[in-house]
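>>> predicted structure and sequence below. I'll ask about it afterward.
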Amino acid sequence: MNPQSARKKACIDETGLYLSSPTGESMRPFLREGVTVAVAAVEGKVRRGDVLLYEDAGGRQVLHRVVGKTKDGKLRVRGDNCLAVEPPLSPDLVIGRMIGYWEGERYTDCRRSLSFCLLSRLWLFLFPVRAPFLWLRARLRRKRTEVKRPKADR
């Protein structure tokens, strides 16, 4: 674990909580830029649907959802807005589990909010239906950002 990840884990161990503002779009629609997430130590089993803060193979800290487990006990994770499942994650790279988040003044407790739990489960269940739409949206975005080259004068 790199020093930055180790500091975050130490913060959780000392205070019981780590607060962060995630960036990027990988966890849309549940987590957008501007929200503040609360991450605590992982107590008990990691379950499908849990959102974990972990260190990826490149040493970056990532906040993604558990979508399954491998036979050897590693975790399969993916961003809610991503198509690809990342390489299996060793549990020792997990920094903590998201327990809630603030959107402005409104706090959502991921452990007690029935609506969050139901929507998270539904989002996971509907991935096979959502995947073609995510793929199409990514293709359209790439086409829009391509720079059109002017035709050479003949």
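Received it, and whenever you're ready, just let me know what you need. Numbering: from 1, shown residues only.
>>> for residue 117, see how far away the closest residue to residue 74 other than its chain neighbours is.
Taking C-beta to C-beta, 6 or more residues apart in numbering, and ignoring the residues beside it in sequence, residue 74 has residue 88 as its nearest neighbour in space, at 3.6 Å. C-beta: built from backbone N, CA, C; applies to glycine. Between residue 88 and residue 117 the distance, using C-beta to C-beta, to the nearest Å, works out to 25 Å.
>>> try residue 3
Residue 3 is 35 Å from residue 117, where distance means C-beta to C-beta.
>>> give me the more crowded residue out of those two.
Using other C-beta atoms under 10 Å as the criterion, residue 3 and residue 117 rank with residue 117 on top: 13 against 8.
>>> tell me which strands and helices the host helix or strand of the more buried one is in contact with?
Per DSSP states H and E: residue 117 is located in helix 114-125. With contacts defined as 3 or more C-beta pairs under 8 Å, 6 or more residues apart in numbering; DSSP states H and E, the packing partners of helix 114-125 are strand 61-69.
>>> contacts for whichever helix or strand comes after the strand it packs on?
Toward the C-terminus, strand 61-69 is succeeded by strand 75-78 as the next helix or strand (DSSP H and E). Defining contact as C-beta atoms under 8 Å, 6 or more residues apart in numbering, one finds that strand 75-78 is touched by 46, 52, 54, 62, 64-70, 84-86, 88-91, 94.
>>> 6 Å instead, please
64, 66-69, 85-86, 89 (C-beta atoms under 6 Å, 6 or more residues apart in numbering).
>>> most widely separated two among the residues you listed?
Greatest spatial distance among the contacts of strand 75-78 (C-beta to C-beta): 64 and 69, at 14.2 Å.
>>> what angle sits between whatever helix or strand residue 53 lives in and helix 114-125?
Of the helices and strands defined by DSSP H and E, residue 53 is found in strand 51-55. Direction vectors for strand 51-55 and helix 114-125, defined by axes from the mean of the first three to the mean of the last three C-alpha atoms, to 10 degrees, enclose an angle of 60 degrees.
>>> in stretch 93-105, what counts as buried?
The neighbour-count criterion (16 or more other C-beta atoms under 10 Å) identifies 93-101 as the buried residues of stretch 93-105.
>>> much appreciated, bye for now.
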